[in-house]
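K.L.:
structure, please.
(4 chains)
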There are 2 protein chains.
Amino acid sequence: MAHPSPSFQPLYLQIKMLVEKGLEEGDWQPGEPIPSEAELAARYEVSQGTVRKAIDVLAAAKLVVRRQGKGTFVATHTEEKTAPFRFLHIRADDGRDETLVSHLLDVRRGKAGVEAARLLALKAGDAVIVLTRVLAFGEEPVIFEDLTLPGFLFRGLTRARTEAHSGSIYGFFETEFGVRMVKAKERLRAVAADAESARALGVPAGHPLLAIERVAYTYGERPVELRRGLVATRRHHYYNELG
Amino acid sequence: MAHPSPSFQPLYLQIKMLVEKGLEEGDWQPGEPIPSEAELAARYEVSQGTVRKAIDVLAAAKLVVRRQGKGTFVATHTEEKTAPFRFLHIRADDGRDETLVSHLLDVRRGKAGVEAARLLALKAGDAVIVLTRVLAFGEEPVIFEDLTLPGFLFRGLTRARTEAHSGSIYGFFETEFGVRMVKAKERLRAVAADAESARALGVPAGHPLLAIERVAYTYGERPVELRRGLVATRRHHYYNELG
DNA sequence: CAGTGGTCTAGACCACATC
DNA sequence: ATGTGGTCTAGACCACTGG
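P.N.:
Residues are numbered from 1 along each chain as shown, chains lettered A, B, ... in the order given. Okay, here's the model as predicted:
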């Protein structure tokens, strides 16, 4: 049955928002299936084609994943098979995929400075947690980075719990804190290594490094992570495709 | 009328390939409309819905642009209104959009080295044209780059003709040589400025620069440009969104 | 086998642009 | 008024998955 049109937006976008709200509110967990198209069509009293268009949009934004014959699943960062490091754009020059190892250097609590507060939509002085780590590809340290997280979303995050978790850190955030990264914006610059980062990455002080500033977002464009990384681009590079 | 299914691929992908071939062969020029969905449906004897799905794919790949009420148009790099610099990811830190000025330093013909030949799918020694230029944002020189082009595609490219053209260089390639850039892959690194680039960009020798290597492609994944740029990230950065 | 997403059709109507 | 793309429906059938 049709809803003739008591609205401005097309029906399928309204349905999309309803399903998105369900995702946001945790009606279905990451990795689990959402209701079938037929069921959603019945529930919202629209045709299956309209539900399909709605889910097309969500799938394009990678909030859900379709699997023919099985169903539509809530996207997750924890699945080995598909893409455990969807947001990692650093690649080896020779194309090998080396094992990625994280060395956690520090976890501390603090207060947000004005800049971090602005980028994370907090107030200056709000509680934050800052992780510092080095990522090594194979044996070689390649990335030295800080992650700044809003304290109220990551209560109970400790060094031990973080180290206990294997796999991508976004998988950890997802399973342990229910925070799902959905989108990110990055700004890249070239900078000279200072003493600390030079030591961490095994390059001489003053060596050129690729600086990446990332703000990552959950549903509804809400920023939930600020990351500043320094990358030694000796045998690795940042890869990007432009369409 | 339906074609029951004498094939492996879905019908709409077959239609998509037919339309894409038309684009590739220049049946319709950049900026001009392709035939209406109804006409394509009649021509290929499929339903309009199937044509729509085919065009959806082409629109997602930005080969065409839909405009409601007007038609579907061949994408172009020459239109001021939409996005004259679709592939330029360098932005000012403060978000201003300064006028972009190109200073062409050199145009010369030469032979492809092994590396350039590999990336451009040529044979080493094949004729290439190399442009060298500086891009300035406002008054400030920001990018110093080389463009290496296959000679056989850009016959008659001269310094004078290049300078005569205003707007994006991809617009120039499109209108003057019929070469349309459709996609590109980039690799970014941090490097130290050598004497030449330091002079061109107004930074001290050894200053960290963002090095961007781009291979740009036309239809069918055919590489047609190799670009190596050095970016002074004093008050500018490389912007990227991750989905 | 039944259930899921994927394709395809035919037709109605809406929103927008142009004449 | 006409032509374009955009939405929506109802129903048929295909392709794939799993019990």
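
K.L.:
which residues are in contact with the residue most central in space within chain A?
P.N.:
Residue closest to the average C-alpha location in chain A (CA atoms, centre = their mean): A:M181, at 3.3 Å. By CB atoms under 8 Å, 6 or more residues apart in numbering or on different chains, A:M181 lies in contact with A:77, A:87, A:170, A:173-174, A:216-218, A:224-225. Bear in mind the C-beta positions are built from the backbone N, C-alpha and C, glycine included.

K.L.:
phi first, then psi, for it.
P.N.:
Dihedral pair for A:M181: phi -80, psi 130, per degrees, to the nearest 10.

K.L.:
ditto for A:V74
P.N.:
phi -70, psi 130.

K.L.:
okay but it is in contact with A:W28, surely?
P.N.:
Yes - judged on CB atoms under 8 Å, A:V74 makes contact with A:W28 at a distance of 5.2 Å.

K.L.:
in chain A, which spans are strands?
P.N.:
Along chain A, the segments classed as strands by DSSP state E run A:64-67, A:71-74, A:90-92, A:100-111, A:127-137, A:140-150, A:183-192, A:208-218, A:222-231, A:236-242.

K.L.:
select, out of these, the one closest to A:P33.
P.N.:
For those, proximity to A:P33 was assessed by CB to CB; strand A:71-74 is nearest, at 3.9 Å.

K.L.:
please list the residues of chain A that sit near DNA strand D.
P.N.:
Contact residues (CB under 7 Å from any atom of the strand) of chain A with DNA strand D: A:1-3, A:10-13, A:46-50, A:53, A:67-70.

K.L.:
quick check: domain ranges of chain A?
P.N.:
Domains of chain A are assigned by automatic domain parsing as A:11-74, A:83-238.

K.L.:
returning to that earlier point: neighbour count winner among A:V74 and A:W28?
P.N.:
Between A:V74 and A:W28, counting by other CB atoms under 10 Å in any protein chain shown, A:V74 is the more crowded of the two (20 against 17).

K.L.:
show me which residues of chain A sit near DNA strand C.
P.N.:
A:5, A:33-34, A:36-39, A:49, A:52, A:66-72.

K.L.:
just name the lowest-scoring one in those residues, pLDDT-wise.
P.N.:
Among these, A:S5 carries the weakest pLDDT, at 37.

K.L.:
returning to that earlier point: are any of the residues of chain A next to DNA strand D buried, and if so which?
P.N.:
Neighbour counting by 16 or more other CB atoms under 10 Å in any protein chain shown classes A:11-12, A:46, A:50, A:53 among those as buried.

K.L.:
quick one: low-confidence ranges for chain A?
P.N.:
A:1-8, A:80-83 (pLDDT under 70).

K.L.:
so who does the closest residue to A:R67 other than its chain neighbours touch?
P.N.:
Leaving aside its sequence neighbours, A:R67 sits nearest to A:F73 (CB to CB, 6 or more residues apart in numbering or on different chains; 6.5 Å). By CB under 8 Å, 6+ apart, the residues touching A:F73 are A:31-34, A:64-67.

K.L.:
thinking again about what came up before, need the strands of chain A in JSON lines (columns: distance to A:G202).
P.N.:
Output for the strands of chain A, formatted as JSON lines (distance: least, CB to CB, whole Å):
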{"stretch": "strand A:64-67", "distance to A:G202": "38"}
{"stretch": "strand A:71-74", "distance to A:G202": "40"}
{"stretch": "strand A:90-92", "distance to A:G202": "16"}
{"stretch": "strand A:100-111", "distance to A:G202": "12"}
{"stretch": "strand A:127-137", "distance to A:G202": "10"}
{"stretch": "strand A:140-150", "distance to A:G202": "6"}
{"stretch": "strand A:183-192", "distance to A:G202": "16"}
{"stretch": "strand A:208-218", "distance to A:G202": "12"}
{"stretch": "strand A:222-231", "distance to A:G202": "12"}
{"stretch": "strand A:236-242", "distance to A:G202": "13"}
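
K.L.:
how about the residues of chain A near chain B?
P.N.:
Residues of chain A found near chain B (CB under 8 Å from any CB of the partner chain) are A:61-62, A:86-87, A:89, A:183-192, A:206, A:208-211, A:231, A:233, A:237-243.

K.L.:
again, 7 Å this time
P.N.:
A:61-62, A:87, A:183-192, A:208-210, A:233, A:237-243 (CB under 7 Å from any CB of the partner chain).

K.L.:
need the buried ones from those selected in PyMOL.
P.N.:
With 16+ other CB under 10 Å as the criterion, this PyMOL line picks the buried residues out of these:
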select buried, chain A and resi 87+183+184+186+187+188+189+190+191+192+208+209+210+233+237+238+240+242
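
K.L.:
PyMOL command to pick out the buried ones of the contacts of A:F73?
P.N.:
With 16+ other CB under 10 Å as the criterion, this PyMOL line picks the buried residues out of the contacts of A:F73:
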select buried, chain A and resi 34+64+65
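
K.L.:
between the contacts of A:F73, which sits nearest A:T162?
P.N.:
A:G31 (21.1 Å).

K.L.:
report the set of residues contacting both of A:V74 and A:W28.
P.N.:
A:I34 (CB atoms under 7 Å, 6 or more residues apart in numbering or on different chains).

K.L.:
next one: stretch A:218-238 to chain centre, how far?
P.N.:
In terms of CA atoms, centre = their mean, to the nearest Å, the centre of stretch A:218-238 is found 9 Å from the chain centre.

K.L.:
quick one: buried residues of that stretch?
P.N.:
Buried, per 16+ other CB under 10 Å, within stretch A:218-238: A:218, A:223-227, A:229-233, A:236-238.

K.L.:
and which of the contacts of A:M181 is nearest DNA strand D?
P.N.:
Within those, the smallest distance to DNA strand D is 21.1 Å, found for A:H77 (CB to the nearest atom of the strand).

K.L.:
quick one, what contacts the residue nearest to A:S47 when sequence neighbours are not counted?
P.N.:
Using CB to CB, 6+ apart and skipping the chain neighbours, the partner closest in space to A:S47 is A:A41 (6.1 Å). Each residue near A:A41 by CB under 7 Å, 6+ apart is listed here: A:47-48, A:51.

K.L.:
dump those into a markdown table; add distance to B:G138 as well.
P.N.:
Below are the contacts of A:A41 laid out as a markdown table (distance: CB to CB, whole Å):
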| residue | distance to B:G138 |
| --- | --- |
| A:S47 | 53 |
| A:Q48 | 54 |
| A:V51 | 50 |
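
K.L.:
that older thread, got the buried ones among the residues of chain A next to DNA strand D as CSV, with distance to A:V130 columns?
P.N.:
Formatted as CSV, those follow (distance: CB to CB, whole Å):
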residue, distance to A:V130
A:L11, 45
A:Y12, 42
A:V46, 46
A:T50, 45
A:K53, 42
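
K.L.:
so which pair among those is furthest apart in space?
P.N.:
A:V46 and A:K53 (9.8 Å).

K.L.:
what is the neighbour count of A:H89?
P.N.:
By the measure other CB under 10 Å, the count of residues near A:H89 is 18.

K.L.:
need the contact list for it.
P.N.:
So A:H89 contacts A:238-240 (CB under 7 Å, 6+ apart).
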